[in-house]
Structures are given as C-alpha cells and as structure tokens.
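> model the structure of this input:
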Amino acid sequence: MNLKDLNRPQRQAVKCIDRPCLVLAGAGSGKTGVITRKIAWLIDQGYAAQQVCAVTFTNKAAREMKQRVARLLGAKTTRGLKISTFHSLGQRILLQEAHRLGYRRGFSIMDSRDVETCLAELAQRDQQDAEHTRQTLYQISRWKNDFIDPEAALAQAGTPLVQSQARLYAEYQQHLLVCNSMDFDDLIMLPVVIFRNDPPTLNKWQDRIRYLLVDEYQDTNTSQYEMIKLICGLRQKLTVVGDDDQSIYAWRGARPENLQRLQQDFPSMEVIKLEQNYRSTNRILGAANHLIANNHHLYEKKLWSASGAGDLIRVFPCKNAEDEADRVVVDILSKRFQENTPCRDFAILYRSNFQSRNYEKALRDHSIPYQITGGNAFFERREIKDIMAYLRLLANPDDDQALLRIINVPRREIGAATIKSLATYAGSRRRSLDSAMSELGLLESLSNRARIRLQDFIDLIEELRHHAQHKDAMTVCKTVVSRLEYSDWLEQTSGSNKQAEAAMENVVELVSWIGNLQKDRDDQSLEAIVSRLSLMSILENSEDEKQQDAVQLMTIHAAKGLEFEHVYLVGFEEDSLPHHQSQDADSIEEERRLAYVGITRAASSLTLSYAKMRQKFGDLLQCEPSRFLYELPEDDLEGAEHTVSKLSEDEKHQRGLDTFADLKALLGTPD
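Model (predicted):
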C-alpha cells in the first residue's frame, strides 16, 4: 500500500502494528485519515477484515471511516470489518451474551425519558421528590461510567443523600432485569461485567477481535477503558488516537487520566505525535499553543502549519450583548460582499445554547440565513416513538415503559384507574404489565366496561405478536401502522392536515429504514432490528443534518470535529468562558481546553468578542474579558483593550466565586 502522501509521523503511526500505539493527534492533523489508513494497512498486512475492530463515539464518524476504508480497499475486501460506536459494540456483545447475566432474548434499550419515568416510579415508593429523582438519574449514570456497581456505590456512600441514591440504584438495576431492559450506560458496563466473570466468553471475543483501534480516546470513561483493556488482553494489539487538549466531556464521564492508565497497563506502548496542522494559519495555532500551555500535560506537543502566518486575531470589545451581536453580524455581512464568501463558511460559537438568541435576531434583521445545530431528532418525534413502542413490546413483552406509552394510542378509553389497578396487581405478582393484564385475578377486579376495553387491547397485542412470529420486521411494522389506522389517529390529533401528513411521512421513512436494516444484517429477527433501532434513537441526535448555505450557530461542544473558514468565538468573558460554575483548578483546565477547541475550529480568520455589560436575570451587570484572552500572544491580537490588568489565579478564582454569589442572590437561591 502506498503511504507516500502521508507525512513522516503519520506513516509511523500507520505502520506501528507490533506493539500498543498511542497517536497524539492535534487539532486538524489528519487523524481520521491516519486511523482509516491504518485499518487498511492491517488488512493489507494479513489481518482478516473480521478480526479488526475500530470504535468511536458517533455513528457519523463510524460511517465516514467505513466509507474511507472501502474506497481504499474495496467493499469486498472489507466485508466483516467492524467499525462502530462503543455502544454498538457493547450491544453486539450483549445480543449474544446477555443471557449470562439473566437477561432473555429481545431485551429492550431504554432511552433517557424511559429511565426517568422508571426511576420516578421507584422513587415515589420511597416518597422521594422529582429533584431527588433527577439527581439520582445523573448519579447512577456517573456510577456506571466509573464502573461502580450498586453494592460498591452503597459501600462508598458518605452521606444520607448518596446512601438513598445507592439504594435506589440497586432497586433500579433489579427492576431493569425483571423488565428485560437495559439503559444506555449498561451497553458498556454489562459486557465488562461478563468479561470479568466469564473468562471463556472473554477469550471468545478476544479471538474475534485481534486488533482494536479507538478514535477520540480522550473521551473514554472508566467502563470504556476497562472494555478496551479486557478485549486487548495479553495480545495488546491496540492503537488509540486522541488529543488530551481536546478532552471537554468530563461532565459526561470522560476521564483524561485514561492516558496515564495506558502507560501503566501497556508499558511497551509507542507514542507518536501528529503536530502538523492542515487546517489553520500559524497565528491561530500560535494562539492555541499559548493558551493550552497553561494546562498540565502528560505529553507535550505544539501545533504548526505550512500555510503561513495568516491574519491577526481580531478582538471585538462591545458595549453590551446586543451591540456584540450586531457587530459580529455586520462583520459577516461585510466579508460576504467584499470576498463573495458563502454563508456556510461562517460559524458563531458560544459556550451555552441560550447565547444564540441575540445572534438569531441580528441575522434575521440583516436577512442572513442561519442554521442552529440541534433540534428534535428523528427518533424523538411523537409518531416514531409510538410505533417504536409497539415494536418494542412485540419484541420484549416485559417492556413496561413501551406498554404504558401505547396502551391508549390510538385512544381506547382505558382510564387511569384501570392502569393503576394493572400496575398494582403486576407489582404484587412480580410480573410485567403485559403478562399480568391477561390474568383472571386482575380482569375479575375490574368493572365490566374497563374489562372489555382492556381485553380489546390484549387481543390486539396477541394478534400482532402472532403476526410477528411469522413475518419479517418491515412487514410487522407495516401491519402495526395499518392495523392501528395510525394515519387517521394522526389526523385526529395533529394541529393541521399538513402536520399529520409530515408525521405520516416520518412513519413511512421508519418502515423504509427497517427494510434497509434487514438487508444489512445477518440477524433479521424483530428483536435484533428493534434493538438496533433503539440504539440508533439514542445515538443519532441530528448527526445527519445537512449543512445548508447558512451561517452556522452552535455551542463549542457541538463544534468539536468541525472546521470553518471564519470563526467568531463570542461571549469571550469571565463567567461565560470560563463558566461561572467552573472555577476550581480541574474545571478551569477543561474550560481552557474548551476555548482551545473553539480557537482551532478556525481555518482563515478568528474573531473573539465580549460584552462589557450584560443583562442577567433583569439586572445589568458589568462583565470582564475572559482570563483566557490574557493567555494569548499579545502581538497576534488586533483590537484588544488592555485596560484590565492581568489577575493572579487566586484573584480570578475569587472573582468567579463573587459573581456566582451575586447570581445566587439575584435568583434568591439559598446557600
């Protein structure tokens, strides 16, 4: 295979296959090209495609890798190659091995809303309020990401609140097993549990995955790291690609310290740095290097570019938030007409979603098209969740959340009292709702009218389930839609005929997706297809939105992995970036990494803006430029006002605490 178009460190990274390899890939250094070339190189060097596995964090990244490798080697050569997200890999393992933990075939994957509903019901028994439930939901996710089981969580609990959460965690896990369900975090944690407790099963998967590649390694959590370590085993055939300077997801469970664990667990590991940037000018990279040098590093690296110095980095000090938005938008308008630049080449990046409002108004006022990254994902739409709930219940009769969603969709007039009686009876019998609702003990306790309505629902589900035993998943889905007369239901419940038609088009698209999935999978059973769709519903989240010719508005977190010719990093001020809730040393380092990510999205020009006054909760407050502004090379800045002296770290920390106290006072929040 010809690697002449790669630079020297890139070639080193591709060819290093005889020992563990850490590729420290700086922003814009061509890491995706390196990892896809390495997959192709492994196959070229004799690895069977089905023995190679690459994992990343989004479906979009996985698809891009697959397409690139297929272009390099051809689809026939890459047949059996495993490129997926971590959670898809975990799902693949669990589809074959979950029975070892007591799960049955056709387990359900619960989304965040299902999890919240389930926890709320369990917490209600313990007389816990909604806020406690939300806190518990996040705490359980953190425990699972850190590979802490309920028993260990209870042993470590230091306060009554955490003890209560740990007990609810144990009850929740037991409930999931009874309902034959898993949550998103279980897709990583449970395979690790199986591998640790069942060496023959671990050996089987180690034999299947002879070489493992991990993209965006800096975003891995503890459970993901344990999965990596176990799959690699004694063979230690591993390449991880990442950048500790772009680790911005600690709030989501990511552990940058996993880089250090690599050194300990893989002592023969070779470290290769990709420092040549193919995106940005040297002034932009110099600013990024200066900024990130203030963080502690296990490995030092410095980005550089062959594309020249480039323009100075502009700083816009603005009177207030409205002035800031107008100045940025007028500047975009000017560049568009002077240089005939497409709208899509401009990006406005901010720390928090609410900051977009002023920019939306200013862009509308100047008739400039814009696109906000985000919005309702396909699988979050009402009509898709309805049909998916029917399919989930057909695949897994123990899925209580699915049954509760569709028991009155379309309307059957099964009242709240009937549903409560069903739930109480099922709880007393320790049965799922589906199995309990057919029992005579329940039916005889209901009024004649309630019994008839519930029996109609039971008959419908039994009819559909019988149909599902003899037909493929796409046919089953079509039958569900037809049997429910779902298009009529949409007409009755939508705000207009146009909305009903659009919703029905989404249902048709779902049927089409199921048909395509059947073509691409060996296991075409309803259980396998529903499991795959449930995972897609959690992972997709608008990844596939096509970029329009419009100014792009998004948070810095959402911009990671993207690049734009012209970037406006707005709200570049204290208590925004860094955020007022991120004033301790570790959080400040992550906020600095976030600013670094924002800066390195820019290819040709970078503009930083801040407001001197900003309205917060009805009061006009004075703002200060971000401390990060004073960590940039002064000679490369244009327009900066240096009226504020540089502050010591203690002064910065105290100022952040003072601002946070002011905000709490404005909100009337108790200490």
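
> report the separation between the nearest residue to S582 once chain neighbours are set aside and I292.
Nearest residue to S582, sequence neighbours excluded (Cβ to Cβ, 6 or more residues apart in numbering): E591, at 4.9 Å. Backbone N, C-alpha and C define where each C-beta goes, glycine included. Between E591 and I292 the distance is 12 Å, computed by Cβ to Cβ, to the nearest Å.

> repeat that for L422.
According to Cβ to Cβ, L422 stands 57 Å off from I292.

> and for Q548, nearest residue in space, chain neighbours not counted?
Nearest in space to Q548, with sequence neighbours left out and distances taken as Cβ to Cβ, 6+ apart, is Q371 at 5.1 Å.

> and the one you found, which of the three is it?
Secondary structure state of Q371, per DSSP: H, G, I helix; E, B strand; the rest coil, is strand.

> what about the protein, any weak spots by pLDDT?
125-131, 374-378, 495, 520-523, 536-547, 616-618, 642-671 (pLDDT under 70).

> list the buried residues for the helix or strand encompassing A389?
For A389, the host element (DSSP states H and E) is helix 382-395. Going by neighbour count (16 or more other Cβ atoms under 10 Å), the buried part of helix 382-395 is 383-395.

> find the nearest non-adjacent residue to G90, please.
For G90, the closest residue by Cβ to Cβ, 6+ apart turns out to be L187, at 3.8 Å.

> how far away is the one you found from D459?
For L187, the distance to D459 equals 35 Å [Cβ to Cβ].

> out of these two, which sits in the busier spot?
For L187 versus D459, the count of surrounding residues by other Cβ atoms under 10 Å is larger for L187: 24 against 11.

> packing partners for the helix or strand encompassing the more buried one?
Following DSSP H and E, one finds L187 within helix 186-197. Here helix 186-197 touches helix 86-97, helix 130-145, helix 199-208, helix 222-232, going by 3 or more Cβ pairs under 8 Å, 6 or more residues apart in numbering; DSSP states H and E.

> contact partners for the residue nearest to G90?
By Cβ atoms under 8 Å, 6 or more residues apart in numbering, the residues touching L187 are 86-87, 90-91, 94, 109, 535.

> what is the burial count for the residue lying closest to N180 once chain neighbours are set aside?
Of all residues not flanking N180 in the chain, D398 sits nearest, at 4.2 Å (Cβ to Cβ, 6+ apart). By the criterion of other Cβ under 10 Å, D398 has 21 neighbours.

> likewise for E631?
Using other Cβ under 10 Å, E631 has 16 other residues around it.

> contacts for the helix or strand where Y172 lies?
Using DSSP H and E, Y172 sits within helix 160-178. Residues external to helix 160-178 that are found in contact with it (Cβ under 8 Å, 6+ apart): 101-103, 110, 118-119, 122-123, 126, 128, 132, 135-136, 139-140, 143, 150-151, 153-154, 156-157, 182-183, 186, 398, 430, 432.

> again, only this time at 6 Å
When contacts are defined by Cβ atoms under 6 Å, 6 or more residues apart in numbering, helix 160-178 is touched by residues 102, 122, 136, 139-140, 150, 153-154, 157.

> buried set for that helix?
By neighbour count with 16+ other Cβ under 10 Å, helix 160-178 contains the buried residues 162, 164-169, 171-173, 176-177.

> kindly report the same for stretch 108-128.
Of all the residues in stretch 108-128, those buried under the rule 16+ other Cβ under 10 Å are 108-111, 114-123, 128.

> among the residues you listed, name the ones in strands.
Applying DSSP state E to the buried residues of stretch 108-128, the entries found in strands are 108-110.

> adding distance to Y630, write those out as TSV.
Output for these, formatted as TSV (distance: Cβ to Cβ, whole Å):
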residue	distance to Y630
S108	52
I109	47
M110	47
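
> ok, so of the residues you listed, who is nearest N282?
I109 (46.7 Å; Cβ to Cβ).

> which helices and strands sit right next to the one helix or strand Y568 maps to?
Element membership for Y568 (DSSP H and E) is strand 564-569. If you count contacts as 3 or more Cβ pairs under 6 Å, 6 or more residues apart in numbering; DSSP states H and E, strand 564-569 packs onto strand 346-350, strand 602-611.

> now do 8 Å
Here strand 564-569 touches helix 321-339, strand 346-350, helix 585-599, strand 602-611, going by 3+ Cβ pairs under 8 Å, 6+ apart.

> so which of these is nearest M504?
Taking Cβ to Cβ, strand 346-350 is the member of the helices and strands packed on strand 564-569 nearest to M504, at 35.3 Å.

> can you dump the C-alpha coordinates of the helix or strand containing A500 into PDB?
A500 belongs to helix 497-520 when assigned by DSSP H and E. This file holds the C-alpha atoms of helix 497-520, laid out as PDB (Å, rounded to 0.1, in the frame of the first residue of the first chain):
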ATOM      1  CA  ASN A 497     -53.600  18.200   7.900                       C
ATOM      2  CA  LYS A 498     -50.100  19.400   6.900                       C
ATOM      3  CA  GLN A 499     -48.700  18.300  10.300                       C
ATOM      4  CA  ALA A 500     -50.400  15.000  10.000                       C
ATOM      5  CA  GLU A 501     -49.000  14.400   6.500                       C
ATOM      6  CA  ALA A 502     -45.500  15.300   7.700                       C
ATOM      7  CA  ALA A 503     -45.800  12.900  10.600                       C
ATOM      8  CA  MET A 504     -47.000  10.100   8.400                       C
ATOM      9  CA  GLU A 505     -44.100  10.700   6.100                       C
ATOM     10  CA  ASN A 506     -41.800  10.100   9.100                       C
ATOM     11  CA  VAL A 507     -43.600   6.800   9.800                       C
ATOM     12  CA  VAL A 508     -43.100   5.700   6.100                       C
ATOM     13  CA  GLU A 509     -39.400   6.600   6.500                       C
ATOM     14  CA  LEU A 510     -39.200   4.400   9.600                       C
ATOM     15  CA  VAL A 511     -40.600   1.500   7.700                       C
ATOM     16  CA  SER A 512     -38.000   2.100   5.000                       C
ATOM     17  CA  TRP A 513     -35.200   2.200   7.500                       C
ATOM     18  CA  ILE A 514     -36.300  -1.100   8.900                       C
ATOM     19  CA  GLY A 515     -36.200  -2.600   5.400                       C
ATOM     20  CA  ASN A 516     -32.700  -1.300   4.800                       C
ATOM     21  CA  LEU A 517     -31.500  -2.700   8.200                       C
ATOM     22  CA  GLN A 518     -32.800  -6.100   7.200                       C
ATOM     23  CA  LYS A 519     -30.700  -6.100   4.100                       C
ATOM     24  CA  ASP A 520     -27.600  -5.200   6.000                       C
END
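
> done for today, thanks.
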